[in-house]
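# Sequence and predicted model, in that order:
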Amino acid sequence: MDAVIKKIPPKPVKRPSQEEAEAAVRTLLAWAGDNPDREGLLDTPRRVAKAFREYFSGYEDDPAEALSRTFTDVGGYDDIVMLRDIEFNSHCEHHIAPFIGRVHVAYLPKASVVGISKLARVVEIYARRLQTQETMTAQIANAITDSLNPRGAAVLVEAVHTCMSMRGVGKRNVATITTQFTGEFKTNPVLQARFMELVRAPSAGFSL
């Protein structure tokens, strides 16, 4: 009989103080070989701590809350709702190096729709956390599926990772593409093809 291994969730981490965060930055500056007490670096620990608060502000927000307000008066509309070219900046959890790209999101409403800005907000929430692109793609699709209960959801993420262009193999301008489909998008190849056609269709050139 095979043993059953239960996954133990990680313990909540106590957030360090501002002073502790700045001290950690000073340590890294010294480890890198510079002097944290020289004039140009005196304010760097404070700036880095402030920047980290902004980079990783997604930990403060709940995607389900962002998608909680929906509308049922849509005149019977039941076809694809899609947002294209949602730009994002995130950081890989392996090297804390930026990866930058675009997200394309679509869903098939069942009984209600959500404000379109909320879809972009969900992307922003997950992007502003330590991430892998694969995880972020699945998280966005699952949040839409769990909160809106649509007939299906589709997400495509394309990004360039500086952890590959600025270190390691040093290959620039290599795009990583990930997709996640749920519901009818997962089971219906025609819907998947429509989604991909819409992603690749020429832009209308809107600028407001």
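Arrived safely. Everything numeric here is computed off the predicted structure, so don't read it as measured data.

# Given the strand or helix carrying residue 104, what are its sheet partners and their directions?
For residue 104, the host element (DSSP states H and E) is strand 98-108. In the sheet, strand 98-108 lines up against strand 81-92 (antiparallel), strand 152-161 (antiparallel) (DSSP bridges).

# Identify, out of the ones you listed, the most deeply packed stretch.
strand 152-161 (a mean of 24; mean count of other Cβ atoms under 10 Å). Where you see a C-beta, it was placed from the backbone N, CA and C, and this is true even at glycine.

# going on from it, what's the next piece of helix or strand?
helix 162-165.

# just how off-centre is the helix or strand hosting residue 27 within its chain?
Using DSSP H and E, residue 27 falls within helix 18-32. In this view, helix 18-32 has its centroid 27 Å away from the chain centroid, taken as Cα atoms, centre = their mean, to the nearest Å.

# Mind giving me the packing neighbours of that helix?
helix 44-55 (3 or more Cβ pairs under 8 Å, 6 or more residues apart in numbering; DSSP states H and E).

# Any chance you could list what contacts the helix it packs on?
If you take Cβ atoms under 8 Å, 6 or more residues apart in numbering as the criterion, helix 44-55 is touched by 18, 21, 22, 23, 25, 26, 29, 36, 91, 128.

# hang on, the earlier thing: gap between whatever helix or strand comes next after the strand holding residue 104 and the chain center?
The helix or strand immediately downstream of strand 98-108 is strand 113-114, counting by DSSP H and E. Centroid separation for strand 113-114 versus its chain: 20 Å, with Cα atoms, centre = their mean.
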